[in-house]
Structures are given as structure tokens and as C-alpha cells.
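1. sequence unknown, structure follows:
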């Protein structure tokens, strides 16, 4: 397998990306760092030096994505995407500027033929069950029914390979379960999804269903999806913080110690680090978008997801499922 290209200068703390790359290499996943020749941490404490694709510019978190990709052609994001395009890497991963990561992948790798717009697919944790794949989680604020149908097709393929679900159930996010609920976009999309072959469309789902086992893939527009994602992250963070504050009371220490193993297990399920990031579906290559605050563990897990999706030929399957219109 070709190595996974790791943006070595992306994220709030780029050293975690390098550390995650070392962890993946130690686990047997080939990686190549993308960064400057004098990159810190390229050689591990054990003396292992990771290969490097040299890139001397960085598209910052506050840079305009499109102009950044156009102006900074020697940036780590552009070089990583070019490595996938040119057959030097099997996939790319970055914890940097999300918009610039998308733009780099789209402009350098290109879209899969037939795909109208790529979408960000993000796993939403569901305690006691497999995560719900939410898409679009922020790539397309304005969509049409045919785009949402493609999102359902791509999300179904991703969920099958990512979480080993034989026939993923696809739900359309709306304000009620009935087909008549929602705005014109949701009603028209419902009708199209009901007629689409190759996916198991179960109808409308509501916001409360996203963190449940009601469906395996939740389809919506990027504006709504991003609001749902950030709300879920905020609620989980607030609940965990509130619990930790309550259990910090000395009188509850004995109970906290007894519950700690179960709480740590639940925290692992809810932590974004466990899933390694989102996947940009629809581009002609595997692209993992990790959170800016990703830990080394998150990068390591994201590299593992990239490896799995390459080996499953996810991109090829999407290309076969979504054929260009005549």
C-alpha cells in the first residue's frame, strides 16, 4: 500500500500530527509527512525517520481557503493532495484549515465522475451502537434534492465499509417523521430517495434521532449538518464537564472511583479522537479531515481510517454507484 500523506503543519498543535504519524508507522501503516525539510520531530526517540514530501508554505486556520490554495502552491495541503493525485500517496489527512483541505482535495484530486459536489461525512457517536454517519457536515450550505440523494448513496457506501454495516439505513433529517413534514427541499428529496435503488431509505428522522440507533446514515444540507454537529459536540462536552465537577466533591470520591472504568469506556465512545475525523466523500481519492485540536491518538486513528477506506476501494465503489448523467 502507498503511504498516507500526513499534513505535518496542520492543526492547533502540528506536533500531534507528527506524533500520530509515528504511532501509525509503528502500527504498520505506511506514512509520509508533508512539511519543510527542517521539520521538527521527523525522527522519533527510537531513531525512526519518517519519509518526507517537502512543502514550505502553510495555509493558516484563518486564511481564505480558495485563495490560499491558489496562492500557496507549495503549501502542505496542496502538496499532500498532489501526492494522492500523482500516485505517491494512497490518501491524505490534515487537522488544518477545513475549507482549504476541501479545496486542495477538490482542485488537485478532482471529483469522481458523476458526483456533483463532495460532502463531509462525520461519525456521530451513539453509546451502545455504531455511530451515525452525518452528511453533509459543512461543505454545502445550499443544496438541491439530487445532491442529497448523492449524499445518501455515498454515505451508505462509507458506513458499510467504515462500520461494517451490511445494509446501512439512510434517514433524511427533517422536523417530523411523516413524508409531508419539512420544507420543499425535504419533501422533494424524500420522494427521490424513496425511488433510489441501492440504498435502504427509511424515511424522515428528527434531530433527537442523530445520537440514537434510529438510522445509520443521516442526510441533510451542510448548514443544518454543521449546526447539528457543533450542537452535539457542545452538549457532550457540557455533560462530561458537569459530571466531572459533581464527582470532584470529596464525599463522592469513593463512588467516582467505582464508576471510573465505566465512565472511561463511555468517554472513549463519545470522544472525537476515537474516530479520527471526517471523510470528504466525492473527491477522487481518500481525504480525512481531522479536528484542529486533534490529539496524536486522533491522527493515528484517522490514518487507520484512511488505510481501511483505501483497502476497501471506497472511492471506486462510489464511482461505480454514481455514474455520470448521459
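-> Arrived safely. Predicted, not measured: the structure shown is a model, and the values here were computed from it.
2. can you give me the strands in the protein?
-> Under the criterion DSSP state E, the chain contains strands at 4-7, 31-35, 52-54, 91-94, 119-124, 132-135, 169-173, 200-205, 217-219, 278-281, 286-289.
3. In CSV, list those strands along with mean pLDDT.
-> Listed next are the strands of the chain as CSV, based on pLDDT from 0 to 100:
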stretch, mean pLDDT
strand 4-7, 97
strand 31-35, 97
strand 52-54, 96
strand 91-94, 97
strand 119-124, 96
strand 132-135, 96
strand 169-173, 97
strand 200-205, 97
strand 217-219, 98
strand 278-281, 97
strand 286-289, 97
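4. Save those strands as JSON lines, and put in mean neighbour count too.
-> For glycine as for every other residue, the C-beta is placed from the backbone atoms N, C-alpha and C. Compiled in JSON lines, the strands of the chain are given as follows (neighbours: other Cβ atoms under 10 Å):
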{"stretch": "strand 4-7", "mean neighbour count": "32"}
{"stretch": "strand 31-35", "mean neighbour count": "26"}
{"stretch": "strand 52-54", "mean neighbour count": "16"}
{"stretch": "strand 91-94", "mean neighbour count": "32"}
{"stretch": "strand 119-124", "mean neighbour count": "26"}
{"stretch": "strand 132-135", "mean neighbour count": "29"}
{"stretch": "strand 169-173", "mean neighbour count": "24"}
{"stretch": "strand 200-205", "mean neighbour count": "20"}
{"stretch": "strand 217-219", "mean neighbour count": "30"}
{"stretch": "strand 278-281", "mean neighbour count": "28"}
{"stretch": "strand 286-289", "mean neighbour count": "28"}
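5. Report how many residues lie close to residue 30.
-> 16 (other Cβ atoms under 10 Å).
6. what residues are up against it?
-> Contact analysis of residue 30 by Cβ atoms under 8 Å, 6 or more residues apart in numbering lists 1-4.
7. Tell me which residues touch the closest residue in space to residue 167 that isn't next to it in sequence, please.
-> Closest residue in space to residue 167, ignoring its immediate chain neighbours: residue 200 at 5.0 Å, by Cβ to Cβ, 6 or more residues apart in numbering. Residue 200 is in contact with 156, 167-170, counting by Cβ under 8 Å, 6+ apart.
8. ditto for residue 273
-> 294-295, 297-298, 301 are the contacts of residue 273 under Cβ under 8 Å, 6+ apart.
9. Leaving out chain neighbours, which residue sits closest to it?
-> residue 298 (3.9 Å).
10. For burial, what's the neighbour tally of the one you found?
-> So residue 298, with other Cβ under 10 Å, has 25 neighbours.
11. Next one: it from residue 311, what distance?
-> 20 Å (Cβ to Cβ, to the nearest Å).
12. do residue 279 as well
-> On the measure of Cβ to Cβ, residue 279 and residue 311 end up 14 Å apart.
13. Could you check how far residue 122 is from residue 299?
-> 16 Å.
14. what sits against the residue sitting nearest the centre point of the chain?
-> In the chain, the residue lying closest to the centroid (Cα atoms, centre = their mean) is residue 278, at 0.4 Å. Counting by Cβ under 8 Å, 6+ apart, residue 278 touches 120-123, 137, 288-290.
15. Leaving out chain neighbours, which residue sits closest to it?
-> Distance criterion Cβ to Cβ, 6+ apart; nearest residue to residue 278, sequence neighbours excluded, is residue 122 at 4.2 Å.
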